[in-house]
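Chemist: Any chance you can model this:
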Amino acid sequence: MKANWEIRVRGLVQGVGFRPYVWRLAKDARIFGEVLNDSEGVIIRLACGQAQLIEFTDKLSSGVPPLARIDALEISRYESSVEWEAFNIAASKSGKITTSIVPDAATCDDCLDEIFDPTNRRFLYPFTNCTNCGPRLSITREIPYDRANTSMARFEMCSMCQSEYEDPLDRRFHAQPNACPACGPQLKFISRDGKELPGDPITNAALALKAGSIVAIKGVGGFQLAVDASNAIAIEELRVRKWRASKPFALMARDKGEVQKYCTLNQTEIRILESPAAPIVLAKAAGQKLAANIAPDHNRLGFMLPNTPLHHLLLAKLEVPIVLTSGNHSSEPQITENHTALEKLNAIADYWLEHDRDIVNRLDDSVVQVIGNAPQVIRRARGNAPTPLRLHDGFHGRPPVLAMGADLKNTFCLLSDGQAIVSQHIGDLGNAETQRDLHSKLALYRRIHGFDAEVIAADQHLGYFSTRIGQDIAKREGLETVNVQHHHAHVCAALAEHGYGPEAKPVLGVALDGLGYGDDGTFWGGEFLLADFRGYKRLAKFKPVPLLGADKANTQPWRNSLAHLLVAFGPDALEALQTRYGSLPFFIALAKYPTELLTQMFTRNVNAPLSSSAGRLFDAVAAMLGICFDQVQYEGQAAIQLQNIAEGYSREGGFYPVLPAETIEWRPLWEGILGDLKAGLPDGQIAKRFHNTLIRIISLVATEIVRRTDVDTVVLAGGVFQNSLLLSGVSERLSENNLTPLMPSHFPTNDGAVSLGQAAIAAAKYT
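Modeler: Numbering: from 1, shown residues only. Sure thing, here's the model as predicted:
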């Protein structure tokens, strides 16, 4: 017998061709009813028998469109006096918002074929898209995801586009950014004085790049700066104008075959490169060489493939890849507005390739590396954010939490209704423009999702900008606050990603990073925590070492080498070390600095806060080998270069006899390194021994703690575990000891996922 059924579909089901997919299934099954978008996702209403319903829902779940994701199907009887005579696609309804925005997606193969087909009306049109690709978050102002709620609202569709938009059999049915050359956004090629230049804009841009010029390109999530990747002079000019001395640049190539000329790629890296997210993938350099100043002192290159028709059309006119970096001055947010780009990038770019479609949400490029065969997201932005994370069922019914994240690599998180929405990468909050961007994105996300927080979660460091902003929101709105320890958040972000619930048993969390404020008033960063969502206990740590000069130690590696020597051997032994090893380049370089003054700071504990930081340990070893001795130009530079030379040493290398303990002492490490340097061992071998030592000692300490505490899972988190040599080594050793290593994968292991951990910890406090 027929009955009326209602199916509530939750997940990523708006703006992805889901309704026409449902319409086709219903037509094929000869079922009457309707499908519509609302603020919670999609509603399907059917008039059919139970057997037909079961068959329909099975097919519904098995063949969803490429960008769609079903999280849940809720089926119930539906009382209606309507006698359906067909299956219809009904108008959207508004209400309390619980659905999310789909990330922007790279150009699909069908659209790509059209823009290179001379017989197609979208031939060479740089804004071609359909329900399977194109802009989403970057153009969205409100939910439901309808054209009127996007920056495409001002572009009225021509009759042909409107016909596609209204045809359920067309792949552009309800494709909100649908457009063509007759009715959609248009490109301009502009000179530094703001004048539009005649001719085809993309051809002009390609010619300018070939001539060595710097071109500002308006991408899907913001302006980008491009130069010819084979032109070292142009790249150096970009570095000078952008104030970016040595940090690696990202690259864009026309296809995977082009990338393989310069890098080795495994199947996982190829799959990620060619995915709808189209992120930057860090891959080992090999084969042909591009300009050496793209990624100085690096053995990896960051490549992405074109993610819009504009980029495809541009790369088709070039014989080599391009450098493609964010359109901004270093440390500032990426620029999104045309007039601002012309003004602020006037001292950097020679030309502007811009268009008249507004960018509502700024999006940096996502960055991914592959360790083993598993992806590790380093920056989660375009193509990945803000895909919601469906949490363990135990998080249902908890109060809505707004988590503020960290000050570096900031993101924020909205947790409610059993899911967490982590924002795209915001950036480093030491910059006033980035703080303004955080405020803007917070307001937008809260408005879009109708999000009324009851709890604010933030780092327990009261000096963090993110914490202060969270406190201001809590005070203004009368909300409760939960302050979360930084490394506890790192560990719990991984637990949340992997589906652990609020009542899950503890794990051992090994959290290694630069700095995080600890319970004892010192700065942590080399931690072994017995942790769950409800709390943690610090069971072991790296021995704390003073940050000589406080914040200066974060950017001047030599200070960390000196501090480690003072802790390991004592301040009275420094003169003897200089006598014994004074001929080493390290001590010769150290002599130009006021070591006596810093030794007094050490002994008197003045401007020398203690830190167990693993990041500063890497800096100390790097400086001892002459790597970034005086200054790092960007976060992690010394550690990355240390990893690179370790990977370049092909032999085993050995290790230094550091002993496992609740407080890990580093004197044997320094005795070994100094001895190896005096014996003239290669820097690569010493760097390899250092990595081997860390792998060994972390594994030994973790295994001993697990034996005493009866846990079997070890979470490896924190920015230092972006080091693939370290992460793969530790995880292999743990697996050999019958332990389960658990690492973040789709959310960053660095501070980009701290907001997720904060939100889960805060939510777990409430029943």
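
Chemist: list the contacts for Pro388?
Modeler: Listed by CB atoms under 8 Å, 6 or more residues apart in numbering, the contact set of Pro388 reads 12, 100, 419-421. In short, each C-beta sits where N, CA and C put it, glycine included.

Chemist: Mark out where each domain of this protein begins and ends.
Modeler: 3-89, 187-355, 545-713+721-740 (automatic domain parsing).

Chemist: Poorly predicted segments of this protein, please.
Modeler: Along the chain, the parts satisfying pLDDT under 70 run over 94-99.

Chemist: ok, 80 please
Modeler: Scanning the chain for pLDDT under 80 picks out 1, 15, 39, 81, 92-100, 143-145, 330-331, 767.

Chemist: So which residue is dead centre in it?
Modeler: Arg379 (1.8 Å; CA atoms, centre = their mean).

Chemist: now it: how far from Cys158?
Modeler: 38 Å (CB to CB, to the nearest Å).

Chemist: Same check on Ala175?
Modeler: Distance of Ala175 to Cys158, given as CB to CB: 14 Å.

Chemist: do the same with Asp104
Modeler: Counting by CB to CB, the gap from Asp104 to Cys158 is 24 Å.

Chemist: Which residue of these two possesses the greater neighbour count?
Modeler: Asp104 (32 against 16; other CB atoms under 10 Å).

Chemist: and the more buried one, how far is that from Ser138?
Modeler: 5 Å.

Chemist: before we move on, what SS does Gly514 have?
Modeler: Put simply, Gly514 is strand when judged by DSSP: H, G, I helix; E, B strand; the rest coil.

Chemist: ok, now Val42?
Modeler: strand.

Chemist: From Glu6, how far out is it?
Modeler: 11 Å.

Chemist: Also Arg708?
Modeler: With CB to CB as the criterion, Arg708 and Glu6 are 54 Å apart.

Chemist: So if I had to pick from those two, which one is more boxed in?
Modeler: Glu6 (16 against 10).

Chemist: Would you enumerate the residues in contact with that one?
Modeler: With CB under 8 Å, 6+ apart, Glu6 has these contacts: 43-46, 75-78.

Chemist: and if you look at Cys628?
Modeler: So Cys628 contacts 557, 619, 622, 637-638, 641 (CB under 8 Å, 6+ apart).

Chemist: Highest neighbour count among these?
Modeler: Going by other CB under 10 Å, Asp619 tops the contacts of Cys628 with 31 neighbours.

Chemist: Apart from its neighbours in sequence, what residue is nearest it?
Modeler: Pro557 (3.9 Å; CB to CB, 6 or more residues apart in numbering).

Chemist: does the one you found really touch Val632, like I thought?
Modeler: Yes. Using CB atoms under 8 Å, Pro557 is in contact with Val632, at 6.5 Å.

Chemist: any common contacting residues for these two?
Modeler: 619, 638.

Chemist: hmm, back to that, output the contacts of Pro388 as TSV; include the columns distance to Ser735 and neighbour count.
Modeler: Formatted as TSV, the contacts of Pro388 follow (distance: CB to CB, whole Å; neighbours: other CB atoms under 10 Å):
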residue	distance to Ser735	neighbour count
Leu12	33	23
Ser100	35	25
Gln419	31	19
Ala420	28	26
Ile421	33	22
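
Chemist: among those residues, which are in strands?
Modeler: 12, 419-421 (DSSP state E).

Chemist: now the helices: where do they sit in the stretch 351-500 of the chain?
Modeler: Listed in chain order, the helices of the stretch 351-500 of the chain (DSSP state H, counting those that start in this stretch) span residues 432-448, 465-477, 486-497.

Chemist: What helices and strands are in contact with the second one?
Modeler: Which is helix 465-477. helix 432-448, strand 455-459, strand 480-484 (3 or more CB pairs under 8 Å, 6 or more residues apart in numbering; DSSP states H and E).

Chemist: where's the longest one relative to the chain centroid, distance-wise?
Modeler: Relative to its parent chain, helix 432-448 has a centroid offset of 18 Å by CA atoms, centre = their mean, to the nearest Å.

Chemist: now the angle from that helix to helix 465-477?
Modeler: Per axes from the mean of the first three to the mean of the last three CA atoms, to 10 degrees, the angle that helix 432-448 makes with helix 465-477 is 40 degrees.

Chemist: Tell me the helices and strands packed up against helix 432-448.
Modeler: Packed next to helix 432-448, using 3+ CB pairs under 8 Å, 6+ apart, are helix 465-477.

Chemist: for the helix it packs on, which positions count as buried?
Modeler: For helix 465-477, a neighbour-count test (16 or more other CB atoms under 10 Å) marks 465-471, 473-474 as buried.

Chemist: From the residues you listed, pick the one nearest Leu207.
Modeler: Leu207 lies nearest to Phe465 out of those, by CB to CB, at 43.7 Å.

Chemist: need the contact list for the closest residue to the closest one other than its chain neighbours.
Modeler: Closest residue in space to Phe465, ignoring its immediate chain neighbours: Leu429 at 4.0 Å, by CB to CB, 6+ apart. By CB under 8 Å, 6+ apart, Leu429 lies in contact with 407-408, 410, 435, 438, 464-466.

Chemist: next one: Tyr649
Modeler: 682, 684-685, 687-688.

Chemist: Which of the residues you listed fall within helices?
Modeler: Here DSSP state H is the test, and those give 684-685, 687-688 as lying in helices.

Chemist: Arrange these in CSV, one row each, with neighbour count as further columns.
Modeler: Compiled in CSV, the ones in helices among the contacts of Tyr649 are given as follows (neighbours: other CB atoms under 10 Å):
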residue, neighbour count
Gly684, 18
Gln685, 17
Ala687, 26
Lys688, 25
